[in-house]
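> Got a predicted structure plus its sequence, pasted below:
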Amino acid sequence: MVVTSKECTPTSRISRCKMASIPTHLLLLCNDQVQAYFSDGSRLQLSPCGSVFVCETPPNPAQHALQGVRRVQQRTRFVTSEFRSRVLQVLEFRNRFCERPYLCQELVEQDRVVNSCCDLTQTKWPSTLSNNNNNTTTQDTGSVTVTSLDNLVTLCLAPHGKEFTVTFLCRINSDLQMDNDTTRSSGSNSSLRNRIPMKDDKRKTPGNNDLVETSSSCTWVMQHHSVDHCPEYWSYPLTLAQSGQKMTENEGRKDSCKATFSDTFSDGQKEGVDKEGQEVVTGRLPSALPLSCKSSHLHQWAKPLVLGGGMEEGTILCQHQGVKVCALQGVLYRILWGGRRCVEVYPGDGSVLVSQGVLGHFFHHYKYKPATKQFQQQVLCVSSLPPDLPGDNYSTARLVSMAARLLEHSNNLVTSGATVAAKCCWKDDPSADPTPPLPSMLLEESEVAGLGRFQAYSDGRVHVVFEDRTVLDAVFDFSGRVQRCKRHSPEKAERAYDAVQRSITRGSQCSAAGQVCRLLLPNGQYCTVPQHASGHLHRYVQAAVEWAGWVQCTPEERADFYRGTVYDPEKKGAIAAELSKIKCFNYILENAAFPWTAVPARYDRGRMEVESATTHPSHLSAAGIPIPSDSNPTTLLDIAAILKMTSQAIEDINVLQSKRKDMRF
């Protein structure tokens with residue numbers, strides 16, 4: 001039977017769509033966001049918490065090219081069948097290399113679900129490596145396995161000692177589990193106690209010491225971490241595995257390492273004694289992330305997908321954020337961001353390549369030889385890599401070149417000042433510092449003529465706008481003022497006091513190192529200066545500091561706050577009176593309001609200018625007034641008369657002002 005092309009076209013198209021969901025390269029960014037590129041040209045981005053994804057698919061051959069890229073955003077928990085296979089592959093990659101997994105009941109296969117009544121928030125580890133227990137096992141391949149006393153966690157250290165794999169039992173988040181927790185907290189959980197029947201599992205043999213009242217659905221989670229970047233959950237068992245590996249190499253006794261573990265406890269780990277009298281160390285276990293994200297505003301998606309964007313290496317090296325893990329062509333690249341940046345390459349044959357130095361010009365290739373139980377270390381130089389040998393499973397030169405490019409890209413991100421890791425949504429705590437905070441109240445506002453407008457808020461912020469368009473912002477402690485406001489308006493002050501407490505906490509670092517002020521200059525430039533050394537901006541900072549002190553003062557203290565300064569009301573009134581006198585005197589002189597203030601004719605301005613033209617330059621007084629060549633004593637008498645008339649005019653002005661005041665009253 002011959003099948004026509006029309007009959008085979010739909011079937012072949014469906015088969016191509018099924019084969020198209022193969023990831024070509026996977027990227028895990030420093031904020032736990034995942035970007036996956038597939039062989040059909042599509043891209044899937046998974047949020048750091050794993051609860052939301054965005055899938056971009058190019059148009060298929062049956063669609064018009066102008067339709068462009070299709071962009072779909074969905075909740076991971078409610079993914080449709082069209083994107084389910086892609087999401088499952090990306091979630092598997094994310095859960096293997098992130099600190100906390102994302103587990104939902106809808107996406108976990110039923111054959112991987114087990115039921116447990118154990119407390120999965122903590123586990124117990126042996127405090128020593130002794131010959132009496134079987135918790136530490138050394139394999140023939142050189143790896144060391146450490147198992148917890150309750151059999152909930154198994155940690156396996158690789159033979160080269162650069163990576164470890166941990167497998168632990170984790171609870172699956174579901175609506176049923178949330179109902180169980182709510183019911184158990186209210187005390188009415190008897191109906192849910194036997195809702196899910198228990199099943200036997202060969203891998204799960206937990207002890208009966210730590211049991212909870214209800215059974216819950218759980219699954220085994222496998223994670224891979226670098227020894228140089230170990231989460232605190234696994235710091236203590238990793239120390240046990242490393243010690244066991246060293247003792248195996250040295251063929252020493254295991255019961256001599258008890259003292260070396262006393263300083264390896266991290267937060268959440270404590271030493272104790274179980275019911276059998278055995279010394280144990282209790283450590284925390286990571287829990288699954290919630291099904292919904294409370295900080296979804298922190299989700300950042302990459303730019304829209306461009307058709308024909310280039311090769312895989314170019315896509316990786318064009319990232320504007322730091323890449324933590326990269327899976328490309330079956331090879332795993334791990335970039336360690338810390339005090340010493342380096343790249344680890346895992347080809348998949350049990351060996352590892354590690355860069356040396358910040359620039360990464362040299363690489364160490366570690367290979368474990370099971371026959372001799374020793375490592376074979378080979379030093380490789382990036383500038384002169386060895387040629388590929390026939391029969392090799394991979395090209396060492398290609399792997400080293402790609403790792404060197406990744407390290408160079410990471411160094412360029414750091415030196416350029418770019419954001420290496422955006423804020424992680426699941427690590428953000430909205431309850432600690434809510435955004436936006438509770439509304440603040442305006443405590444004081446004043447507009448000073450010739451200076452600017454001053455505003456003080458209950459959250460400690462001081463905002464000043466000067467007349468020369470300079471804007472100043474600073475943070476002070478107004479808790480004392482708010483406490484006084486509580487006495488006469490407790491409702492409003494209670495809301496303001498919460499904002500004050502957050503302001504004090506938020507500005508504690510600035511207070512420890514000296515408070516600072518941020519100024520926006522008229523030229524549009526921002527600058528931050530400390531209050532104790534403001535330099536040429538001292539007058540702005542000093543005005544803000546004085547305003548903050550005025551706001552904190554009580555009404556009784558404000559009466560004497562500006563005493564002895566130019567802002568003293570008494571001195572300010574005296575200065576204003578003197579200025580008024582000078583203005584009146586100038587007006588009288590210019591308009592000749594009184595006959596006795598008229599200037600004699602011989603000292604008329606026009607005549608003096610004519611005489612100055614005919615007067616010899618050497619006949620000038622100290623004040624620059626021309627003196628006639630035939631000067632006589634009468635000239636000095638006329639000057640004395642003018643000074644006398646001036647003093648008389650000032651006295652008359654004082655008399656007039658006093659009469660005006662008497663007439664007002």
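Thanks, I have the structure now. Numbering: from 1, shown residues only.
> Give me the secondary structure label for residue 27.
strand (DSSP: H, G, I helix; E, B strand; the rest coil).
> buried stuff in the biggest strand by length in the chain?
Criterion DSSP state E: the longest strand present in the chain is strand 211-226. By neighbour count on 16 or more other C-beta atoms under 10 Å, the buried set for strand 211-226 is 212, 214-221, 223-226. Where C-beta positions appear, they are placed from N, C-alpha and C, glycine not excepted.
> Kindly report the same for stretch 50-64.
For stretch 50-64, by 16+ other C-beta under 10 Å, it's 50-58.
> ok, back up a step: CSV please, covering the buried residues of strand 211-226 and showing distance to residue 117 and pLDDT.
Below are the buried residues of strand 211-226 laid out as CSV (distance: C-beta to C-beta, whole Å; pLDDT from 0 to 100):
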residue, distance to residue 117, pLDDT
212, 5, 54
214, 7, 69
215, 5, 74
216, 8, 83
217, 12, 89
218, 10, 92
219, 15, 93
220, 16, 94
221, 19, 95
223, 24, 95
224, 29, 95
225, 29, 94
226, 34, 93
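> circling back to that earlier point, name the next helix or strand following the longest strand of the chain along the chain.
Downstream of strand 211-226, the first helix or strand assigned by DSSP states H and E is helix 235-250.
> tell me the mean pLDDT over that following helix?
In this model, helix 235-250 has a mean pLDDT of 86.
> Quick one: list the elements packing against that helix.
Judged by 3 or more C-beta pairs under 8 Å, 6 or more residues apart in numbering; DSSP states H and E, helix 235-250 is in contact with strand 122-126, strand 136-138, strand 144-147, strand 153-157, strand 163-171, strand 279-284.
> neighbouring strands for the second one, and are they parallel or not?
So that's strand 136-138. strand 144-147 (antiparallel) (DSSP bridges).
> what do you get for the first one?
Based on DSSP bridges, the pairing partners of strand 122-126 within the sheet are strand 279-284 (antiparallel).
> if we can go back for a sec, to residue 114, which of the helices and strands packed on helix 235-250 lies closest?
With C-beta to C-beta as the measure, strand 163-171 is the member of those nearest residue 114 (7.5 Å).
> May I see the buried residues of the closest one?
Here strand 163-171 shows 163-166, 168-171 as buried, counting by 16+ other C-beta under 10 Å.
> same check, this time on stretch 148-167
Buried residues in stretch 148-167, counted by 16+ other C-beta under 10 Å: 148-166.
> so who does residue 585 touch?
Counting by C-beta atoms under 8 Å, 6 or more residues apart in numbering, residue 585 touches 649-650, 653.
> Can you flag which of the buried residues of stretch 50-64 belong to strands?
When DSSP E is applied, the buried residues of stretch 50-64 are split such that 52-57 fall in strands.
> Can you pull out the low-pLDDT segments for the stretch 551-665 of the chain?
Applying pLDDT under 70 to the stretch 551-665 of the chain flags the ranges 558-575, 589, 592-640, 657, 659-665.
> Go again with 80.
For the stretch 551-665 of the chain, the stretches flagged by pLDDT under 80 are 554-579, 581-582, 584-647, 649-650, 652-665.
> wouldn't residue 71 be in contact with residue 301 here?
No: applying C-beta atoms under 8 Å, one finds residue 71 not in contact with residue 301, separated by 9.2 Å.
> who touches both of these two?
residue 54.
> and which of the ones in strands among the buried residues of stretch 50-64 is nearest to residue 375?
Of those, the one sitting nearest to residue 375 (C-beta to C-beta) turns out to be residue 53, at 40.9 Å.
> And the strands in the stretch 301-450 of the chain?
323-328, 331-336, 342-346, 352-356, 362-369, 374-381, 442-448 (DSSP state E, counting those that start in this stretch).
> Okay, angle between the fourth one and strand 342-346 too, please.
It refers to strand 352-356. 170 degrees (axes from the mean of the first three to the mean of the last three C-alpha atoms, to 10 degrees).
> Could I get the contacting residues of residue 316?
25, 27, 323, 326, 328, 406, 409.
> so where do the strands sit in the stretch 451-600 of the chain?
Assigned by DSSP E, counting those that start in this stretch, the stretch 451-600 of the chain shows strands spanning 452-457, 461-466, 471-475, 516-520, 526-530.
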